[in-house]
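Chemist: everything below, folded, please.
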Amino acid sequence: MEGISISVTQLPHSGRHTHPLSSLSYTHIHSPTNTHPLHQPPFHRIRGSEAGPDQKTTMTAVANILQEVAGNHAVAMWGRSDEGFATDPALADRGLIFVMTRMQIQVTKYPHWGDVVEIETWFQESGKIGAQRDWVLRDAATGDILGRATSTWVMINMNTRRLSKLPDEIRRRCYYYQMDPPKDALPTEVTRRKIPDMKTGDTSGSESSSDSDSNDVAGSSIASGIAVTPGPNQVARRSDIDMNGHINNVVYMSWAIETVPDDIYTDAHLYQIEVDFKAECYAGDEVESLVCQAETPDVLLSNGAGVGALTYNHWLRRREGEKCTELVRARTTWRVGDA
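Modeler: The predicted model follows:
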């Protein structure tokens, strides 16, 4: 099996960067002892702007790093396009683009300011209309795994705004570049959990009504009977818009995280975030955030989150007068006493 080798290097002592696109190598590697593509993971030195008051990176900083590495990897696979992130130029000409519908990140240990991390990523098809991108984040000095992440992508026809099957040439290209055999960064038992609808508690994955009474917030509850609490409202800024022309996915994560209680945010370790993306948001939109505490599943209690871990469900909705549109459902899991 042939593969692609990508080098995105930051020189550790000089501080100089080798631009990812200038160092892309399309050398195809074939070895009788290797049956999957070989990728040279890029390195990244944690910057001061990516660290919090404790000099550790934040979850949103990790998400931004993963997003950047994924974008460079996609350019290596598809080529560069004027249609935003991760878009094959030939498909963009036909009105077809990949859209991320879900992302899940687990961080066992956050790197500190100045640490160098290594990020491995790969892309593979998943079903008839979907694809999957995974990441593994490592300490470059020790090789220890610091975090893992996975994301789900679907192909959309921009002209009809409908789902589209993956064209045969994309399937062939995914097969050419994907791991052989395919592998998952996170076990399926922790990635298949649905985030409930705020009003009904439904976890079937069906869409909730796009129009609902935006004033019916405080005191409302989901099926578990736990009260939903309003979080801080947000106004989407022009600086939040990314190359795709709408609010960047990582911004939604930051809005959701803002809804947790202060003591949890300060004194607990954000172990995992799961996000389902439902609709787009644009500069000037007013977004309300909602949160409620939820039960932490046993599979997480015994798989890194630890006994006593706390879980919160989050919802973000765009307010439009008396109506609102669901933008995001999210869930965060916090390791208590381990900030």
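Chemist: make it CA atoms for all contacts and neighbour counts henceforth
Modeler: Noted.
Chemist: what segments of the stretch 201-339 of the chain are helices?
Modeler: 249-257, 262-267, 298-300 (DSSP state H, counting those that start in this stretch).
Chemist: swap that for the stretch 51-200 of the chain, sorry
Modeler: Using DSSP H, counting those that start in this stretch, helices in the stretch 51-200 of the chain cover 59-78, 89-93, 168-177, 188-191.
Chemist: among these, which is nearest residue 337?
Modeler: helix 59-78 (17.2 Å; Cα to Cα).
Chemist: and the closest one, what other elements does it pack with?
Modeler: With contacts taken as 3 or more Cα pairs under 8 Å, 6 or more residues apart in numbering; DSSP states H and E, helix 59-78 sits against strand 116-125, helix 249-257.
Chemist: what lines up beside the first one in the sheet?
Modeler: The reference is to strand 116-125. Paired neighbours of strand 116-125 in the sheet (DSSP bridges): strand 43-45 (antiparallel), strand 130-139 (antiparallel).
Chemist: spatially central residue for this protein, please.
Modeler: residue 103 (3.6 Å; Cα atoms, centre = their mean).
Chemist: pLDDT score for it?
Modeler: Looking at residue 103, its pLDDT is 96.
Chemist: could you do residue 32 as well?
Modeler: 29.
Chemist: next, the contact list for residue 260, please.
Modeler: Contacts for residue 260 were tallied using Cα atoms under 8 Å, 6 or more residues apart in numbering; they are 231, 291, 312.
Chemist: how near is it to residue 112?
Modeler: Remark: distance between residue 260 and residue 112 (Cα to Cα, to the nearest Å) = 23 Å.
Chemist: out of the helices and strands packed on helix 59-78, which gets the lowest mean score?
Modeler: Looking at those, the bottom one is strand 116-125 with a mean of 91.
Chemist: now the angle from it to helix 168-177?
Modeler: Here the directions of strand 116-125 and helix 168-177 differ by 140 degrees (axes from the mean of the first three to the mean of the last three Cα atoms, to 10 degrees).
Chemist: who's in contact with strand 116-125?
Modeler: By Cα under 8 Å, 6+ apart, strand 116-125 touches 12, 39-46, 66, 69-70, 73, 111, 131-141, 171, 174-175, 177-179, 182.
Chemist: give me the domain ranges for the protein.
Modeler: 5-190, 193-335 (automatic domain parsing).
Chemist: tally of neighbours for the closest residue to residue 155 other than its chain neighbours?
Modeler: Leaving aside its chain neighbours, residue 155 sits nearest to residue 98 (4.5 Å; criterion: Cα to Cα, 6 or more residues apart in numbering). Neighbourhood size, residue 98 [other Cα atoms under 10 Å]: 23.
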